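Asker: Got a predicted structure here, sequence first:
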Protein chains: 2
Amino acid sequence: MLEPDVFSALANPVRREILMQLRKGPRAVNDLASGFDLGRPAVSEHLQVLRKARLVREEPRGRERYYHLDPRPLSEVDDWLKAFTHYWKQRLAALGDVLDEEARK
Amino acid sequence: MLEPDVFSALANPVRREILMQLRKGPRAVNDLASGFDLGRPAVSEHLQVLRKARLVREEPRGRERYYHLDPRPLSEVDDWLKAFTHYWKQRLAALGDVLDEEARK
DNA sequence: TTGACGCGTCGGATATTTCCGACGTATCAA
DNA sequence: TTGATACGTCGGAAATATCCGACGCGTCAA
């Protein structure tokens, strides 16, 4: 793990799911781990990867550690994808689907 | 490689660079490989991963194989990121930078 | 103070990734 | 046809990823 890059952090489905969970608010490690078919050490090690990629931040609270989402490094992925957006957006025809979906929010 | 998912395909910097190269048009394998500090078999195996993730398509042309970019599976990553976009976009203040950059094209 | 809890991390097992040289196949040029 | 070229893939080496049980440390509740 010499280079804690964001792309590698996202390569694992467990880590992606952890990030999804953390959207709803900070969570303690045991609480997170109970949602997976994994032992606590494994989850703890996934959190270490996410920490090194700066995608999560830890907040000690008594004997627990609450992990917070920090989505900012995801912008690196988003920026990278922008180089390709042009290509696949062409195929969506100018139906305004995207705008409609935005307006519906 | 039981599950050729797009996230894993993007985890490797060589594969990301291959996709970048292919934006400019289809390329033969040796042509691609010459741009990396890697042997041809390695590049060929990276192309296999990209093929299984359906990010590239091969077009035999005589004894060469031209690889074409197919960026459509990238929309899966884009969609996943959308679940987080809201979070980091909040921090970019409403300066309209994005719109300006779009207008400049 | 004591025992239970929450957590990180280590040692080690296993699986996967990444790379290469070697080989076989198909295609080209002469 | 013959030799060179372009490529995929295999066997194996080395590195990395993933997971677990065990251990140690700090914190809490009694």
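Answerer: Yep, it's here.
Asker: residues in contact with stretch A:31-38?
Answerer: A:14, A:17-18, A:21, A:39-40, A:42-44, A:47, A:67 (CB atoms under 8 Å, 6 or more residues apart in numbering or on different chains). Where C-beta positions appear, they are placed from N, C-alpha and C, glycine not excepted.
Asker: buried sites along it?
Answerer: A:32-33 (16 or more other CB atoms under 10 Å in any protein chain shown).
Asker: does any bit of it sit next to DNA strand C?
Answerer: Yes. Using CB under 7 Å from any atom of the strand, stretch A:31-38 reaches DNA strand C at A:31, A:33.
Asker: ok so, going back, filter the contacts of stretch A:31-38 down to the ones in strands?
Answerer: A:Tyr67 (DSSP state E).
Asker: Get me the contact residues on chain A for chain B.
Answerer: A:5, A:7-8, A:10-11, A:13, A:16, A:19-20, A:23, A:69, A:71-72, A:74-75, A:77-78, A:80-81, A:83-85, A:87-88, A:91 (CB under 8 Å from any CB of the partner chain).
Asker: so of the residues you listed, which ones are in strands?
Answerer: Those of these lying in strands (DSSP E): A:Leu69.
Asker: what's near enough to touch the residue positioned nearest the centre of chain A?
Answerer: Centroid check for chain A by CA atoms, centre = their mean gives A:Leu19 as the closest residue, at 3.7 Å. A:Leu19 makes contact with A:50, A:55-56, A:69, A:71, B:84, according to CB under 8 Å, 6+ apart.
Asker: which of these has the most neighbours?
Answerer: A:Leu50 (27 neighbours; other CB atoms under 10 Å in any protein chain shown).
Asker: What are the buried residues along the longest helix along chain A?
Answerer: The residue-count maximum for a helix in chain A (DSSP state H) belongs to helix A:74-89. For helix A:74-89, the neighbour count (16+ other CB under 10 Å) marks A:74-75, A:77-78, A:80-81, A:84, A:88 as buried.
Asker: For A:Gly39, see how far away the closest residue to A:Val43 other than its chain neighbours is.
Answerer: Closest residue in space to A:Val43, ignoring its immediate chain neighbours: A:Ala33 at 4.1 Å, by CB to CB, 6 or more residues apart in numbering or on different chains. With the distance defined as CB to CB, to the nearest Å, A:Ala33 ends up 7 Å from A:Gly39.
Asker: can you check A:Lys52 too?
Answerer: In terms of CB to CB, A:Lys52 sits 20 Å off from A:Gly39.
Asker: Among those two, which residue is more densely surrounded?
Answerer: Each of A:Lys52 and A:Gly39 has its neighbours counted (other CB under 10 Å); A:Lys52 has more, 15 against 10.
Asker: With the flanking residues excluded, which residue is spatially nearest to the more buried one?
Answerer: Among residues not flanking A:Lys52 along the chain, A:Pro4 sits closest, at 3.4 Å (CB to CB, 6+ apart).
Asker: Thanks a lot, see you next time.
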